[in-house]
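*Asks:* Sequence plus the predicted model coming up.
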Amino acid sequence: MNLIRRSAARDLRVDFFRGLALWWIYTDHIPGDVLGDISLRNVAMCDATEVFVLLAGYGAGLSYGMGLGRNGMVSTVADVLRRAWTLYVAHIFLFVLFTAQVTYSATALNRLNYLEETRLDVLGDDPYRSILEAVLLRFQPSLLNILPLYVVLLVFFAATLWMLRWPRVLLAVSFAVYLLVRFTSLNFSAWGGDGWFFDPLAWQFLFIIGVLLACAPPRMPSRLWPLDGVAVVFVVLGVTVTLGIEPHPHRLDWFSASEVFHYLVVEDKTGLYPFRLASILALTWLSVRLIRFDQPWLRSPWAAPLILLGQNSLPVFCSGIVFGFIARLGLEYDDRVFMQVAINLSGAIGMIAVAALAAWYRTKGRPNPAPARSPALLPVSARPDTG
Amino acid sequence: MPPGLITPSATLANAAAALASKHVLTILALGSGSTVGEGGGAGGPALASHTPERSFPYLMLDALRALRPSDRFDVTVKGARGLTADAMLPILRRELSAHHYDVVLWQTGTIEAVHGVRPDALRAVLDDGVEAAAKAGADVVLIDPQFSRFLRANADLGPYETVLRQMTDTSGVTLFPRFDLTREWVNNGQVDLERVSKDQRDNTIALLNDCLGQALARYVLAGAGETAAVTPEKN
């Protein structure tokens, strides 16, 4: 039985990078994990979140946008909303699981700081209200802010699906909303005064870019080197700021009052700071240019674990949050080499096992599809990519 | 304690004047959980750990009185767990209009990072607060987030640190580098809240608050131009 979905048309690069983003989300959020020091966020102005959202948009574009002509608007919108509902239910389940895990550990281990850090302290202060606010997605504990974003992004996608016929209009509308956020800090309201940690009105722009890359891929320009050059400049700038300036801010004291410096370093993740956006787009461009669609290593056993993760992103993401907290407890008990290896290895094995189980459930009882000869024989949109 | 970290980048002019003329220093400490002594996070009635007398501003007061027995020091602590600078601004204005303070200690940045508040919004709030303090004749000592592996992994501290650091370009504002100081203690294995056993935790919190209080007391005195008389204590 083959747990990895492959077809001639399926772009395994997307699955691979989605898997990598999920792995980074795991390692990045474990306090003291040494692998958290060597992930994307340490060398670029963006991090795994941008990769995840862009590719979520791409996946949604492939699954729903491409089937629009065949299934009709109403049916497709209904499918998108059903997917949003699935994510919402998963989020609420994860909220309950994570809350149980963190609050029990906090009291059993006398580490009340867990509650404050994860923002679960308000649950103790005002339990009735906080459950209501959690259900309304206005109370988002730390780490539990990506799925609510994803839910809203899918609803936004459902609302704008009719515009897919005019991709430029959709892009313009999406960009206009993003600009509005940049100038006004418009955000969804959260319980407690501030807005959402990931402002959906800003992040929808990256998601819609992903959708359009899948549904209405822009024609490649005749000359590629100018874009290559711009992308390299942004990546180098990101590396310089991340490695050279942020850890040593005094280096630039001589122009610390300058607006340029201010703009470079005072980035905000909530409103998808423009350099974060530029950084992920530059990295995407370079990945597309450097890694060909049919690169043999994408089909090798080495890439298989990450591809498997990427194809089953929802259960992998949720289990990663739960495993990540266990890993944190492990590192707080002992953070030497043995434990570092143990938590990262067991986290990887655990997440791959969850992905394999999810993939097995999807394929069981179904005859193996005949190997595809051409994209036309096995359209990628044959069924929604619920990965 | 590294002397470089506990010497302000500029003189605390109002503090110096108050100590020189009246031998009295009145301090307002404004901040979130660690300042008001709800450190460790209260988890509702069952888990409440409200210990204001053990928070670092009070321990700073103890240290100041020990270092300068002939002078009078007063500390007022305001704020609450989970408050952003934006929510503290009205408290600051109220306090400044009702009383005179020579120094305002303003601990902030952590909640902003955890909530993802826009860094430029923090900057605007701090500018307003600093302006109000300057009008009221108080020096501002900003206090940045405490080092924590959790924050490093789960919040982008960088932009907020940058904002706090840039605030020191304004005259009358200095930054007490709590992040660097607590990171140093963690790296030396001196005080590491995230790596203590269950039964040692309360003692470690007390030790951390004491170290911060001692460091702040020396920082304030050094800023008031009283460096010569302070004998650096090994910690």
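*Replies:* Yep, it's here. These numbers were taken from a predicted model, which means no experiment stands behind them.
*Asks:* does B:I27 count as helix, strand or coil?
*Replies:* strand (DSSP: H, G, I helix; E, B strand; the rest coil).
*Asks:* any idea how far it lies from B:P90?
*Replies:* For B:I27, the distance to B:P90 (Cβ to Cβ, to the nearest Å) stands at 20 Å. Every residue, glycine included, has its C-beta placed from N, CA and C.
*Asks:* who has more neighbours, the two?
*Replies:* Taking neighbours as other Cβ atoms under 10 Å in any protein chain shown, B:I27 and B:P90 compare with B:I27 leading, 25 against 9.
*Asks:* Not including adjacent chain positions, what is the nearest residue to the residue positioned nearest the centre of chain B?
*Replies:* Closest to where the C-alpha atoms of chain B average out (Cα atoms, centre = their mean) is B:I143, at 4.1 Å. The spatially closest residue to B:I143, leaving aside those adjacent along the chain, is B:Q107, at 3.8 Å (Cβ to Cβ, 6 or more residues apart in numbering or on different chains).
*Asks:* State the distance from the one you found to chain A.
*Replies:* 14 Å (Cβ to the nearest Cβ, to the nearest Å).
*Asks:* and A:V260, what pLDDT?
*Replies:* At A:V260, the model reports a pLDDT of 66.
*Asks:* repeat for A:P217
*Replies:* A:P217 is given a pLDDT of 89.
*Asks:* For it, the count of nearby residues, please.
*Replies:* Residues near A:P217, counting by other Cβ under 10 Å, number 10.
*Asks:* any idea how far it is from A:V230?
*Replies:* Distance from A:P217 to A:V230, by Cβ to Cβ: 19 Å.
*Asks:* ok, now A:R83?
*Replies:* Taking Cβ to Cβ as the measure, A:R83 and A:V230 are separated by 34 Å.
*Asks:* Between the two, point out the one with more neighbours.
*Replies:* Taking neighbours as other Cβ under 10 Å, A:R83 and A:V230 compare with A:R83 leading, 22 against 14.
*Asks:* check which helix or strand covers the more buried one.
*Replies:* In this structure, A:R83 sits in helix A:73-108 according to DSSP states H and E.
*Asks:* For that helix, give the mean pLDDT please.
*Replies:* 95.
*Asks:* Ok, stretch A:356-375 next?
*Replies:* Rounded mean pLDDT across stretch A:356-375 is 74.
*Asks:* go on, stretch A:11-22?
*Replies:* 95.
*Asks:* So what touches that stretch?
*Replies:* A:6, A:48-49, A:51-52, A:55-56, A:58-59, A:287-288, A:291, A:293, A:295, A:298-299, A:303, A:305-311, A:313, A:316-317, A:320, A:351, A:387 (Cβ atoms under 8 Å, 6 or more residues apart in numbering or on different chains).
*Asks:* Mind checking which of these are buried?
*Replies:* A:6, A:48-49, A:51-52, A:55-56, A:58-59, A:298, A:303, A:305-311, A:313, A:316-317, A:320, A:351, A:387 (16 or more other Cβ atoms under 10 Å in any protein chain shown).
*Asks:* all strands for chain A, in order.
*Replies:* Assigned strands in chain A: none (criterion: DSSP state E).
*Asks:* Over to chain B?
*Replies:* Using DSSP E, strands in chain B cover B:24-31, B:72-79, B:103-107, B:139-143, B:173-176.
*Asks:* okay, and for chain B, where does confidence drop off?
*Replies:* Low-confidence segments of chain B (pLDDT under 70): B:1, B:38-52, B:227-235.
*Asks:* same question, the stretch 251-387 of chain A
*Replies:* A:251-265, A:368-387.
*Asks:* and the residue lying closest to A:Y273 once chain neighbours are set aside, what does it touch?
*Replies:* Leaving out its chain neighbours, the residue that sits closest to A:Y273 by Cβ to Cβ, 6+ apart is A:E267, at 4.0 Å. Residues near A:E267 by Cβ under 8 Å, 6+ apart: A:45, A:273, A:275-276, B:119, B:156, B:158-159.
*Asks:* For those, which two are the farthest from each other?
*Replies:* Greatest spatial distance in these: A:M45 and B:P119, 13.9 Å, computed using Cβ to Cβ.
*Asks:* how many neighbours does the residue of the stretch 201-350 of chain A found nearest chain B have?
*Replies:* Here the stretch 201-350 of chain A gets closest to chain B at one residue, A:T270, 3.9 Å apart by Cβ to the nearest Cβ. Using other Cβ under 10 Å, A:T270 has 24 other residues around it.
*Asks:* Check the gap between it and B:R118 for me.
*Replies:* Taking Cβ to Cβ, one finds A:T270 at 6 Å from B:R118.
*Asks:* now do A:I349
*Replies:* 39 Å.
*Asks:* Could you verify my assumption that A:L213 touches A:A60?
*Replies:* No - if you go by Cβ atoms under 8 Å, A:L213 and A:A60 don't touch, sitting 11.1 Å apart.
*Asks:* Compare those two (neighbour count), which wins?
*Replies:* Higher neighbour count among A:L213 and A:A60: A:A60, with 26 against 19, using other Cβ under 10 Å.
*Asks:* ok, the more buried one - contacts?
*Replies:* So A:A60 contacts A:80, A:83, A:154, A:157, A:207, A:210-211, A:214 (Cβ under 8 Å, 6+ apart).
*Asks:* repeat for A:T49
*Replies:* So A:T49 contacts A:21, A:25, A:146, A:198, A:269 (Cβ under 8 Å, 6+ apart).
*Asks:* B:L28 too?
*Replies:* By Cβ under 8 Å, 6+ apart, the contact set of B:L28 is B:75-76, B:78, B:92, B:95-96, B:99, B:101, B:103-105, B:138.
*Asks:* Tell me the buried residues within these.
*Replies:* B:75, B:78, B:92, B:95-96, B:101, B:103-105, B:138.
*Asks:* of all the residues you listed, which comes closest to chain A?
*Replies:* Nearest to chain A, judged by Cβ to the nearest Cβ, of the buried ones among the contacts of B:L28 is B:L92 at 16.9 Å.
*Asks:* so what's the closest one closest to, chain neighbours aside?
*Replies:* Among residues not flanking B:L92 along the chain, B:G129 sits closest, at 5.3 Å (Cβ to Cβ, 6+ apart).
*Asks:* Next one: the closest residue to B:R93 other than its chain neighbours from chain A, what distance?
*Replies:* Nearest non-adjacent residue to B:R93, counting by Cβ to Cβ, 6+ apart: B:A132, 5.6 Å away. Relative to chain A, B:A132 is positioned 21 Å away (Cβ to the nearest Cβ).
*Asks:* so how many other residues sit close to A:T76?
*Replies:* By other Cβ under 10 Å, the residues close to A:T76 number 23.
*Asks:* Also the one 5 residues further on?
*Replies:* Applying the criterion other Cβ under 10 Å, we find 15 residues in the vicinity of A:L81.
*Asks:* and if you look at B:E184?
*Replies:* B:E184 has 16 nearby residues by other Cβ under 10 Å.
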